[in-house]
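S.K.: predicted model and sequence below, questions to follow.
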Amino acid sequence: MTSSPPSRPSPGSPGRGGKSALYGLVSAYLVSEAGTSMSAVAIPWLVLVTTGSAAATGIVGFAQMAPYVVLQAMAGPVVDRVGLRRTFLIGNSVAAVIMCAIPALHAAGHLNLPALACLVAAAGAVRGAADCATAPLVPMTADLGDVPYERASGIYSGASRTALLVGMPAAGGLIAAIGASGVVLIDGVTFAAGVVILVIFVPRSVGRAERPADAISLRNYAADLAEGLRFLRADRLMLGLAISAALTNLLDQALTSVLLPVWAHDRVHRAIAIGLVGGVLGVGLLGGVMVGAWLGPRLPRRMIYAVGQLVAASPPFFALAAWASLGPVLPLILVCGIAGGVLNPISGAAIYDRVPSRLQARVLGAVKGTAWLGIPFGSLFGGLLAQTTGLTAALVTSGSLMLVVTLAPFVFPSWRGLDRKPTHAQVAPQSAQAEA
């Protein structure tokens, strides 16, 4: 299998949308992610105050994230036929309706644990399909404005970090004012707002369907999905990035969805503690993303990535285990956030460099799906570990596992590929060899 590098438009090409398409995409993503960050605080808090159970909180987190991960990894062949832009719009519109239904049922007194789990599972499924389309739109809209991939990846990551910075602290305060269910309603509204922004700023010509919709069949779907997976399997660096992210995400999810809320509930006794930790983390992540976005083309990718991950990943677990107040925790969280923020522009640019545009929905979906594979199990892991061993033991155990995982870039030779920028024509034959 051979593939030529995708052509990039010349800077300022008329009629192609310029940089506004990229900024529109990022804005739509920022708004919807801000709501999601608020909901990430509100839903665990709603379960905790209703049931008092860390295990129940983990079950709801699993119900939301498992369909998200599965659809993000497997929706690529369908996205190719529906179109990237159209999939984004449909997925986020349906998610808006589902999230707005949660506070409506709560107000009517019909929101029990099984109903909540089913609703967040449905929302996770449609968001997974929508996000499978979002990542491939980044290089496409970057091409319209001739934006370097490090910078585009950094701006995209910066939107996520900004959403975390705004959403989590806002949720901590709003829960006290309007209740957790009211915050979930805001999340639904932000999905609708993201749809409107994308319609306005991203042209219909961007992300059109790669293949006719009537060509889909179970056999074609399986063949298309397998092609993307073979490409990922053949590239050891991308596979290493995905597996490392799967493990770190599992442990991060245990922290953010269960261990941090339990720490705030049991030791600080205030929901706003979750928001403050998330907000400070967001400040650090945003600062790190800005460094990675603007200096990325000149930074030694592998060493910066390895050191940044080592500094960012495990210390928050040990800090929460050691301290029961925000004073010493917040400065350390800020440093960890800065170190972690540099990672996404580097890994994102490396992946965009290596994947041909015609395969990006399938390959990027497989990469992110693999990377997020641990997230639903992280909620279960954190809930069960905290329930059976206690909060401190759960934090120390999780932090120790995270430390081991983050040593991979220092140990495995394939990570040296971060410092090289192969063309698509160089990478594609590797995938072809894997097919033989």
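M.R.: Yep, that arrived.
S.K.: what's near enough to touch the residue nearest to Tyr352 when sequence neighbours are not counted?
M.R.: Spatial nearest neighbour of Tyr352, chain neighbours left out: Tyr149 (4.4 Å); criterion: C-beta to C-beta, 6 or more residues apart in numbering. (Glycine included, C-beta is placed from N, CA and C.) Listed by C-beta atoms under 8 Å, 6 or more residues apart in numbering, the contact partners of Tyr149 are Pro139, Ala142, Gly348, Ala349, Tyr352, Asp353.
S.K.: separation between Tyr149 and Gly58?
M.R.: 37 Å (C-beta to C-beta, to the nearest Å).
S.K.: what's the answer for Ala104, then?
M.R.: 25 Å.
S.K.: residue ranges with poor pLDDT in the stretch 151-300 of the chain?
M.R.: Applying pLDDT under 70 to the stretch 151-300 of the chain flags the ranges 209-217, 296-297.
S.K.: all helices of it, in order?
M.R.: Here the stretch 151-300 of the chain has its helices, by DSSP state H, counting those that start in this stretch, at 180-201, 218-234, 236-254, 260-263, 272-295.
S.K.: got a markdown table for these, with mean neighbour count and distance to Asn344 too?
M.R.: Listed next are the helices of the stretch 151-300 of the chain as a markdown table, based on neighbours: other C-beta atoms under 10 Å; distance: least, C-beta to C-beta, whole Å:
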| stretch | mean neighbour count | distance to Asn344 |
| --- | --- | --- |
| helix 180-201 | 21 | 20 |
| helix 218-234 | 17 | 18 |
| helix 236-254 | 22 | 10 |
| helix 260-263 | 24 | 21 |
| helix 272-295 | 23 | 7 |
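S.K.: for the one helix or strand Leu380 maps to, give me every contacting residue.
M.R.: Assigned by DSSP states H and E, Leu380 belongs to helix 374-389. Identification of contacts with helix 374-389 by C-beta under 8 Å, 6+ apart yields 53-66, 68-69, 246-255, 257-259, 262, 393-394, 397-398.
S.K.: show the buried residues in these.
M.R.: 54-66, 68-69, 246-255, 257-259, 262, 394, 397-398 (16 or more other C-beta atoms under 10 Å).
S.K.: helices along the stretch 301-436 of the chain, start to end?
M.R.: Using DSSP H, counting those that start in this stretch, helices in the stretch 301-436 of the chain cover 301-313, 315-322, 326-341, 343-354, 360-371, 374-389, 391-405, 408-411, 424-435.
S.K.: Val289 is nearest to which of the ones you listed?
M.R.: Proximity to Val289 (C-beta to C-beta) singles out helix 326-341 among the helices of the stretch 301-436 of the chain, at 4.3 Å.
S.K.: sorry, back to before: can I get the helices of the stretch 151-300 of the chain in JSON lines with distance to Phe317?
M.R.: Formatted as JSON lines, those follow (distance: least, C-beta to C-beta, whole Å):
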{"stretch": "helix 180-201", "distance to Phe317": "25"}
{"stretch": "helix 218-234", "distance to Phe317": "29"}
{"stretch": "helix 236-254", "distance to Phe317": "8"}
{"stretch": "helix 260-263", "distance to Phe317": "10"}
{"stretch": "helix 272-295", "distance to Phe317": "12"}
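S.K.: which one of those lies closest to Gly417?
M.R.: helix 236-254 (3.7 Å).
S.K.: the closest one versus helix 343-354: what angle between them?
M.R.: 150 degrees (axes from the mean of the first three to the mean of the last three C-alpha atoms, to 10 degrees).
S.K.: what angle do helix 236-254 and helix 315-322 make?
M.R.: Using the same axes, to 10 degrees: helix 236-254 against helix 315-322 is 20 degrees.
S.K.: mind giving me the packing neighbours of helix 236-254?
M.R.: helix 218-234, helix 301-313, helix 343-354, helix 360-371, helix 374-389, helix 391-405, helix 408-411 (3 or more C-beta pairs under 8 Å, 6 or more residues apart in numbering; DSSP states H and E).
S.K.: out of the helices of the stretch 151-300 of the chain, which gets nearest to Pro44?
M.R.: helix 260-263 (4.7 Å).
S.K.: distance from the chain centre to the closest one, please.
M.R.: Its chain's average C-alpha position is 21 Å from that of helix 260-263, according to C-alpha atoms, centre = their mean, to the nearest Å.
S.K.: now stretch 138-145
M.R.: So, by C-alpha atoms, centre = their mean, the centroid of stretch 138-145 is 20 Å from its chain's centroid.
S.K.: mind listing what's buried along that stretch?
M.R.: So, applying 16+ other C-beta under 10 Å, buried residues of stretch 138-145: Val138, Pro139, Met140, Thr141, Ala142, Asp143, Leu144, Gly145.
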